[in-house]
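Asks: coords please:
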Amino acid sequence: MNRSPPHVSILIPCFNAEKWLHRAIETALAQTWPIKEVIILDDGSTDRSVEVARRYANLVRIEQQQNAGQNVSRNRLTELSKGDWLVYLDADDELATDSVEKKVSFVDTADAIYGAHEVAIFVGETKTKFSFLPAIQHEDSIAAAFEWGYPNTSAVMFRKSAVHDVGGWNVAIKNCTDYDMYFRLLLRGKRFQAANESWSLYRQWSPNQAVYQDEQRKALTRLQVMWSAAEELRVTGALGAFQKQAFQRAAFGVMRSIARFDLAKAEAELLKLIRWDPGFHPRDGSPLYRLAYETCGFRLAERMATAFHKVNVLGRHQRGVDPQTGMPYV
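Replies: You can find the predicted model right below:
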């Protein structure tokens, strides 16, 4: 039986992104996959985003709402969409012209198709740093999610019915919204497929972006998302040994991040992990850190690690080396 080719909806939630919105729209319209629609939802922007969107009014659908947040916008865009596959393109990101077409070849065997992406940091309109991250087909999709092995939302194309099956986007959280969705899909048996020839650009440029906001909240939300998935797997008897190790390794790393802001909170989270698995011991980190942890405990090990880091940074400065890049100052 011949199936109709998939209709793809490219959905652009926008809040105060006038600087880059035109690039998102133009790269969406330039997609070589012909069966598509582009919908823009302005989430109560206070800049000129709506004016930018209206330049393309004859080519895209434009909707507006009072400011309600990213995931409320994504859920509304899902309701507005006509496609059976959805790309949630952030208003400051871009798609390579064949990004959708390269993903479409996998629609018969997947529910979420993710591509490779470039992570680019901009100061003003100048790209200052960038890295290219391939799309890897993971042997264990859930373990990969615990270790944050997937790209940001703009690089993923979702089967619309799968998004509906898990209840849409979670409006209760402000960070890690992509991984909250990924975990819920994976825990319902949805299939993730890498499409390494499909590319997108993830632009980091503003302190107002979620990636830069409240690092402690971001770390705590990440831990919350992982805990929820791990506990569901444990209760249902579906938590494999490899997944358990991935969760513990990633969770402990997040706890160490939290320790920089609130050591007592990090200790409380670690105690929760030890109660969950009394046999837990950190397997990563330097041998010196692991020795300090085993002999002196988490609190002292973290204080020693912080002191060592400060000495290392100071030493690099004194040697004329940038502590972040490891390159000599010019």
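
Asks: so where is the stretch 1-150 of the chain shaky, pLDDT-wise?
Replies: Low-confidence segments of the stretch 1-150 of the chain (pLDDT under 70): 1-2.

Asks: Tell me where it has strands.
Replies: 8-14, 36-43, 61-65, 85-88, 94-95, 112-123, 126-133 (DSSP state E, counting those that start in this stretch).

Asks: Take those and write them to a markdown table, including distance to residue 106 and mean neighbour count.
Replies: From N, CA and C alone the C-beta is placed, and that goes for glycine too. Listed next are those as a markdown table, based on distance: least, C-beta to C-beta, whole Å; neighbours: other C-beta atoms under 10 Å:
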| stretch | distance to residue 106 | mean neighbour count |
| --- | --- | --- |
| strand 8-14 | 13 | 27 |
| strand 36-43 | 17 | 22 |
| strand 61-65 | 27 | 15 |
| strand 85-88 | 10 | 26 |
| strand 94-95 | 16 | 25 |
| strand 112-123 | 5 | 20 |
| strand 126-133 | 19 | 12 |
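
Asks: Residue 185 is nearest to which of those strands?
Replies: Closest to residue 185 of these, according to C-beta to C-beta: strand 112-123, at 5.8 Å.

Asks: Strand partners (parallel or antiparallel) of the closest one?
Replies: Its sheet considered, strand 112-123 pairs with strand 126-133 (antiparallel), strand 156-159 (antiparallel), strand 192-204 (parallel) by DSSP bridges.

Asks: leaving aside the residues next to it on the chain, what's closest to residue 134?
Replies: Spatial nearest neighbour of residue 134, excluding adjacent residues (C-beta to C-beta, 6 or more residues apart in numbering): residue 116 at 4.9 Å.

Asks: The strands of the stretch 1-150 of the chain into a markdown table, with extra columns for distance to residue 234?
Replies: Listed next are these as a markdown table, based on distance: least, C-beta to C-beta, whole Å:
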| stretch | distance to residue 234 |
| --- | --- |
| strand 8-14 | 34 |
| strand 36-43 | 37 |
| strand 61-65 | 39 |
| strand 85-88 | 30 |
| strand 94-95 | 38 |
| strand 112-123 | 24 |
| strand 126-133 | 30 |
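
Asks: what about the ones you listed, which gets the closest to residue 237?
Replies: In terms of C-beta to C-beta, the element of these nearest to residue 237 is strand 112-123, at 24.4 Å.

Asks: before we move on, back to that, with distance to residue 63 added, can I get the strands paired with strand 112-123 in JSON lines?
Replies: Below are these laid out as JSON lines (distance: least, C-beta to C-beta, whole Å):
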{"stretch": "strand 126-133", "distance to residue 63": "31"}
{"stretch": "strand 156-159", "distance to residue 63": "20"}
{"stretch": "strand 192-204", "distance to residue 63": "23"}
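
Asks: okay, now the domains of this protein?
Replies: Following automatic domain parsing, one finds the domains of the chain at 8-212, 215-318.

Asks: any idea which of those is most buried?
Replies: Highest mean neighbour count among the domains of the chain (mean count of other C-beta atoms under 10 Å): domain 8-212, with a mean of 19.

Asks: What's the separation between residue 163 and residue 235?
Replies: Distance, residue 163 to residue 235, by C-beta to C-beta, to the nearest Å: 24 Å.

Asks: scratch that, residue 69 is what I was asking about
Replies: For residue 69, the distance to residue 235 equals 30 Å [C-beta to C-beta].

Asks: now stretch 287-299, how far from the chain's geometric center?
Replies: Distance, stretch centre to chain centre, for stretch 287-299: 31 Å (C-alpha atoms, centre = their mean, to the nearest Å).

Asks: low-scoring stretches of the stretch 201-330 of the chain, by residue?
Replies: Residues of the stretch 201-330 of the chain meeting the criterion pLDDT under 70: 206-213, 309-330.

Asks: Tell me which stretches of it form strands.
Replies: Under DSSP E, counting those that start in this stretch, the stretch 201-330 of the chain gives no strands.
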